[in-house]
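>>> Need a 3D model of the sequence below.
(chains A and B)
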Amino acid sequence: MTKTETYARMSAAIVAGDRDEARRLAEDALRSGLELLEVVEQGYLPGIQKVGELWEQGEYFLPELISSAEAMKAAMAVLEPALNRQGAGTAMGGKVVIGTVEGDIHDIGKNLVASMLQAGGFEVFDLGADVKMERFIDKAEEVGAAVICLSALLTTTMMNQRRLIGLLRDKGLRAKYKVLVGGAPATRKWAEEIGADGYAENAVAAVKLAKTLVGRA
Amino acid sequence: MIETRKPKLELLSQALVERIVDEGLTLLERLGVLVENTEALALLQGAGASVDRATGQVRIGRKIVEAALAKTPAILTLYDRTGSRAFTVGGDEVHFDPGSAAVALLDHGTQSERKATTADLVEFIKLVETLEHLHFQSTGLIAADVPSPVADAFRLYAGLCLSEKPFVTGTFRVEGFRPMKDMLAAVRGGERGLKDKPLAIFDACPSPPLKWSNLTTQSLIDAARAGVPSELIGMGMTGATSPTTIAGTLVQHVAENLSGLVIFGGSPSSFDMRKGTTPMGAMETMMIDAAYAQIGKHLKLPTHAYMALSDAKVNDPQAGFETALGAVLAALAGVNVVSGPGMLDFESTQSLEKLVIDDGICAMVYRLLDGIAQRDEPIALGAFEGFIPGMSFLTHPNTRRWYRTEHIPAGLADRDPYEAWVSAGRTSIVDKAHTDVAKRLKAYAAPALPEGIRKDLDGIMVAYGRSSGVEIKPAREF
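Just a heads-up that it's a prediction; the model follows:
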């Protein structure tokens, strides 16, 4: 099989949401000594980009989106360690800390955004749900993240998004991080009101926004 | 006289009902439910369930479920605040209550949602008190100006002071049960009185898939001890927190409900695969509800559902058709407690105008349930005696005898000829409802509450505040 054909199969596996095939092809790529950065950029990423397009066209819905993101995750799980050893890991894009805010256990949307961000080339640190606001900051500091993403589904827990920005200011860290907010009650207006750097309505938009904010659009 | 048939809807064949129940029981035996409450784990273990104390996973054998079912009443009776009016919750009796628990109110003036306040809560309760076709109240609005630790009990406090109707309610915190139960007991003159004549149903929601949280399990246990009925509100979202097929969701719903028992209720829904939201107005949602109600009846349990509500954000055609479809399907399915009127925007918002419009929908639904009666013997031949071609029935004695019984008033529905509608100002039903809200609130008179009981309720509310670390004074708004 030619490289072109291999890359096409990798894209297809992502578009089909076929986790096993995506992982298998990644393992084959490792074994056959292919140029790993190229494998990601010409093999897998086009697949995830196609998925984003299909979503925007109204052809793909949440089940397909999540399956494709999982397939991407599976491939990256194989390739990332090797990429990091080569020192090419950091070229993969910024680090993102994401989680659902304190007092809120909703996580379906947040998980999807995390998967899509990872699929989009970010290194994602998913803190889970019901996360204390201080922990977001601690983790971001620890890993040197560029972006903090906060999800909240309730009008009550949404207040914690505002709190985090306040905490960053108090610690003199506001300028260090891009803060994105999301979740059902959040809006662009809310993001502006609390001084966040952005708001995205869904996972596909979130990835686009994150890329723009870290200068990779 | 030929007996009048009550219209009924059964979506599932008996074979499918039995199969779904069987698989639900199998799920409970094989997979079980996760229970995050230590006392419940002990109780379940004592009853013979297979409990993993470390993880909280409980597998329940079908013999245990069947024994519990045999002890669960098929019918319960709720009483109003005076204790004299009884409401049968069971069989095919249908009672509507306003959808609960909304955090927002649709403001008619701005046509926007805003946080609800105590003043709104007071108007909401008063309005529902005047609406003839909503037999029960619910603690349907959460007042944002009330400290959140006591928000659950405050709604009931206000409700008991302002209304005589039975309540559908629930706790937000484990600590909330005691003061709420005390308030109900105060109204009844004691715990014994409350057990004899229940005044409220407490909602408890399992967390799909197959989990019972600490708060909701505790509510079930506390309510059972106090003799207060519980309504189980499972809310699988198809393809997200329950299987995507309707039949599959029903299997999970059965498992979750049977693991808790009492009133077979719910708020499951279809899951929108584009927006990630839970459309209560989707036809699939209503079908799930009607079907599990059928299953609940097969199991001889009283039933409840979240139907007769809409996901629309304003009182537009969507609000109308979703609510009406749901109300009709709920009634035909014989759902005993239908929570929904007044509600918009994925169970988050109440609208006073919508409450009035929905009351009118309920009136139509009750007319449907009354069916088509024979009325006279013979049916009509008597009315044709002395018939002359071209005769009008307007002045016929038969018409005078029956027209008011046979045909309900139009209510707010527009029946004007076009020109009359124009001359009257081209008013929409929403505007008419708005005027009607004001009229009803003005006409509202608080049903007399003995002063001693009011003082007791004040005392319980103040004490709950103190024990929760917030200051609450006896309400001046009511």
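>>> Just confirm B:Val51 is within a strand.
Yes: counting by DSSP: H, G, I helix; E, B strand; the rest coil, B:Val51 falls inside a strand.
>>> close enough to count as contact, A:Arg9 and A:Arg24?
No: using C-beta atoms under 8 Å, A:Arg9 makes no contact with A:Arg24, being 9.7 Å away. Just so you know, the C-beta spots here come from the backbone N, C-alpha and C atoms, and that holds for glycine as well.
>>> what residues does the helix or strand of chain A with the lowest mean pLDDT touch?
The helix or strand of chain A with the poorest confidence is helix A:108-119; it has a mean of 83 (mean pLDDT, DSSP states H and E). Contacts with helix A:108-119, where a contact means C-beta atoms under 8 Å, 6 or more residues apart in numbering or on different chains, come from A:14, A:48, A:62, A:65-66, A:68-70, A:72-73, A:76, A:96, A:98-100, A:124, A:126, A:129, A:149, A:151, A:153, A:182-184, A:200, A:203-204, A:206-207, A:210, B:240, B:276.
>>> Just the ones in helices from those residues, please.
Applying DSSP state H to these, the entries found in helices are A:14, A:48, A:62, A:65-66, A:68-70, A:72-73, A:76, A:203-204, A:206-207, A:210.
>>> Other residues contacting the one helix or strand B:Gly193 maps to?
According to DSSP states H and E, B:Gly193 maps onto helix B:191-196. By C-beta under 8 Å, 6+ apart, the surrounding residues in contact with helix B:191-196 are B:Gly83, B:Lys181, B:Leu184, B:Ala185, B:Arg188, B:Ala226, B:Gly227, B:Val228.
>>> right, and the first one touches B:Lys197 too?
Yes: under the contact definition of C-beta under 8 Å, B:Gly83 touches B:Lys197, with a separation of 5.1 Å.
>>> out of the two, which sits in the busier spot?
B:Lys197 (18 against 15; other C-beta atoms under 10 Å in any protein chain shown).
>>> Just the pLDDT for the more buried one.
The per-residue pLDDT reported for B:Lys197 equals 96.
>>> now A:Ala91
46.
>>> Neighbours of the residue in chain A that chain B sits nearest to, how many?
Closest to chain B within chain A is A:Phe61: 3.7 Å, counting by C-beta to the nearest C-beta. By the measure other C-beta under 10 Å, the count of residues near A:Phe61 is 16.
>>> Same check on B:Ala247?
If you count neighbours by other C-beta under 10 Å, B:Ala247 ends up with 14.
>>> do the same with the one 3 residues further on
Counted with other C-beta under 10 Å, the burial measure for B:Leu250 works out to 28 neighbours.
>>> ok so, going back, can you verify my assumption that the residue of chain A closest to chain B contacts B:Met273?
Yes: counting by C-beta under 8 Å, A:Phe61 sits close enough to B:Met273 to count as a contact (3.7 Å).
>>> Tell me, please, the helix or strand in chain B that averages the lowest pLDDT.
Min over SSEs of chain B, mean pLDDT, DSSP H and E: strand B:263-266 (a mean of 78).
>>> Mind giving me the packing neighbours of that strand?
With contacts taken as 3 or more C-beta pairs under 8 Å, 6 or more residues apart in numbering or on different chains; DSSP states H and E, strand B:263-266 sits against strand B:230-234, helix B:246-258, helix B:283-298, strand B:304-306.
>>> Recalculate using a threshold of 7 Å.
Counting contacts by 3 or more C-beta pairs under 7 Å, 6 or more residues apart in numbering or on different chains; DSSP states H and E, strand B:263-266 packs against strand B:230-234, helix B:283-298, strand B:304-306.
>>> Just the closest residue of the stretch 51-200 of chain B to chain A, please.
B:Val103 (5.9 Å).
>>> What score does that residue have for pLDDT?
88.
>>> Run through the residues that contact it.
Listed by C-beta atoms under 7 Å, 6 or more residues apart in numbering or on different chains, the contact set of B:Val103 reads A:Thr155, B:Lys115, B:Ala116, B:Ile142, B:Ser348.
>>> Just the endpoints, please. Distance across stretch B:239-249?
Taking C-alpha to C-alpha, to the nearest Å, stretch B:239-249 runs 9 Å from one end to the other.
>>> who are the neighbours in contact with the most centrally placed residue in chain B?
Chain B has B:Ser339 as the residue nearest its centroid, 2.4 Å off, counting by C-alpha atoms, centre = their mean. B:Ser339 is in contact with B:Asp97, B:Gly99, B:Ser100, B:Ser138, B:Val168, B:His304, B:Tyr306, counting by C-beta under 7 Å, 6+ apart.
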